[in-house]
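[1] give the three-dimensional model of this entry:
(2 chains)
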Amino acid sequence: NAGVTQTPKFQVLKTGQSMTLQCAQDMNHEYMSWYRQDPGMGLRLIHYSVGAGITDQGEVPNGYNVSRSTTEDFPLRLLSAAPSQTSVYFCASRTNPGRNTEAFFGQGTRLTVV
Amino acid sequence: KQEVTQIPAALSVPEGENLVLNCSFTDSAIYNLQWFRQDPGKGLTSLLLIQSSQREQTSGRLNASLDKSSGRSTLYIAASQPGDSATYLCAVFIGGRGSTLGRLYFGRGTQLTVWP
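    Take a look at the predicted model:
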């Protein structure tokens, strides 16, 4: 009954460091995505994937990379962290990006870049 | 471009009141609408999903309605409790394409406080 699992829950990085935010889902969902949540701006789509081996950019992709080697996992990489990337990151999945599907979210990763 | 607005931004009520949270969206061509709850420092918990062909959905003390033609949804909470205190987000799903494929368009939320 795990759903969407994100790790870590909290992270502090120094400017210029790299890290990977992990996301895994056990519902065999084709579609996975990453959002960032910032005060006063709501949630914005960073990257998404419609299946293993297929990824594409969302609305705010700069500074982030993704890959999708398996159906279950969709990690988000920050290659060189910047203070502007301080945010709460949510991973989400749904069966496919078509109609009548429900989105499921992880518990989030709170990232602070100093 | 789809824009989602939630009113009010904050609401404080005494325990036991029935209350209504409002969500409006600019493009009525949606597939579905979801209401989420977010507790401070926590993730998003899906409360209700309304398909574009439906008028309402109910779960316990929660009832969500959808009027697609007018671009409005309401979340009705009956007999509110202190445990209902959280931020409530509504999000519409249009399918999309390209950089918006599969994207949910979120409102900024209504922060609800229910005091004993």
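
[2] only C-alpha atoms for contact and neighbour calcs from this point on.
    OK.

[3] once you drop chain neighbours, what's closest to residue B:42?
    In space, and not counting its chain neighbours, residue B:42 is closest to residue A:107: 5.9 Å by C-alpha to C-alpha, 6 or more residues apart in numbering or on different chains.

[4] just say helix, strand or coil for that neighbour.
    Per DSSP: H, G, I helix; E, B strand; the rest coil, the local secondary structure of residue A:107 is coil.

[5] residue contacts, it?
    Each residue near residue A:107 by C-alpha atoms under 8 Å, 6 or more residues apart in numbering or on different chains is listed here: A:4, A:5, A:6, A:9, A:90, B:42, B:43, B:44.

[6] do you know the pLDDT at it?
    pLDDT for residue A:107: 93.

[7] mind checking how far it is from residue B:45?
    Going from residue A:107 to residue B:45 by C-alpha to C-alpha, to the nearest Å gives 9 Å.

[8] show me the contact partners of the helix or strand of chain B with the lowest mean pLDDT.
    When the helices and strands of chain B are scored by mean pLDDT, DSSP states H and E, strand B:104-106 comes last with a mean of 92. With contact meaning C-alpha under 8 Å, 6+ apart, strand B:104-106 is reached by A:42, A:43, B:2, B:3, B:4, B:89, B:90, B:91, B:92, B:93, B:94.

[9] could you find the closest non-adjacent residue to whichever residue of chain B sits closest to chain A?
    In chain B, the residue found nearest to chain A is residue B:43; the distance is 3.9 Å by C-alpha to the nearest C-alpha. Once flanking residues are discounted, residue B:43 sits nearest to residue A:107: 3.9 Å by C-alpha to C-alpha, 6+ apart.

[10] would you map the strands across chain A?
    Ranges of strands within chain A are A:4-7, A:10-13, A:19-25, A:31-38, A:42-51, A:54-57, A:64-66, A:76-78, A:87-94, A:104-105, A:109-113, based on DSSP state E.

[11] with distance to chain B and mean neighbour count added, can I get those in JSON lines?
    Listed next are these as JSON lines, based on distance: least, C-alpha to the nearest C-alpha, whole Å; neighbours: other C-alpha atoms under 10 Å in any protein chain shown:
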{"stretch": "strand A:4-7", "distance to chain B": "10", "mean neighbour count": "20"}
{"stretch": "strand A:10-13", "distance to chain B": "10", "mean neighbour count": "13"}
{"stretch": "strand A:19-25", "distance to chain B": "13", "mean neighbour count": "20"}
{"stretch": "strand A:31-38", "distance to chain B": "8", "mean neighbour count": "24"}
{"stretch": "strand A:42-51", "distance to chain B": "5", "mean neighbour count": "23"}
{"stretch": "strand A:54-57", "distance to chain B": "6", "mean neighbour count": "18"}
{"stretch": "strand A:64-66", "distance to chain B": "14", "mean neighbour count": "19"}
{"stretch": "strand A:76-78", "distance to chain B": "17", "mean neighbour count": "19"}
{"stretch": "strand A:87-94", "distance to chain B": "8", "mean neighbour count": "26"}
{"stretch": "strand A:104-105", "distance to chain B": "6", "mean neighbour count": "22"}
{"stretch": "strand A:109-113", "distance to chain B": "8", "mean neighbour count": "20"}
